[in-house]
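Engineer: My questions concern the predicted model and sequence given below.
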Amino acid sequence: MEMGEVISLRLPAETLEELEKIAREEAKDKSGLMRELLALGIKEKKLEKAIQLYKEGKATLWKAAHVAGISLWQMIEVMRERRIEAQYGLRELEEDLKALKE
């Protein structure tokens, strides 16, 4: 993994204590654990954005999956797990077919 820019971050004492506890339990260094947690947070944030766009009708399921950085099938599974009602009509089908061709 390529290392990028170094940043500093102030954390509340409670958060730092939790990080240290998890790092000890998982036998990881704090820096590695923080990178892992940040990556998970970014993934979840992208997924939440994709879901919101889909709910607002601003993205098809295909586009939402692209925004989230996951496959269409994974996106369908996420929607099922979160009990998000499908919003799929002719316009969405046409957009998804167009995206498949690209």
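Structural biologist: Here it is on my side, so go on.
Engineer: for the longest helix along the chain, packing partners?
Structural biologist: Assignment by DSSP state H gives helix 30-55 as the longest helix of the chain. With contacts defined as 3 or more Cβ pairs under 8 Å, 6 or more residues apart in numbering; DSSP states H and E, helix 30-55 has these neighbours: helix 13-26, helix 61-68, helix 72-81. (Each C-beta comes from the backbone N, C-alpha and C, glycine too.)
Engineer: tell me the angle of that helix relative to helix 61-68?
Structural biologist: Angle of helix 30-55 versus helix 61-68, following axes from the mean of the first three to the mean of the last three Cα atoms, to 10 degrees, is 160 degrees.
Engineer: what ranges of the protein fall below the confidence cut-off?
Structural biologist: Scanning the chain for pLDDT under 70 picks out the ranges 1, 88-89, 92, 96.
Engineer: please redo it, this time with the cut-off set to 80
Structural biologist: Counting by pLDDT under 80, the chain contains low-confidence residues at 1-3, 86-102.
Engineer: picking up where we left off before, ok now the longest helix of the chain, how far from the chain's centre?
Structural biologist: Put simply, helix 30-55 sits 4 Å off its chain's centre (Cα atoms, centre = their mean, to the nearest Å).
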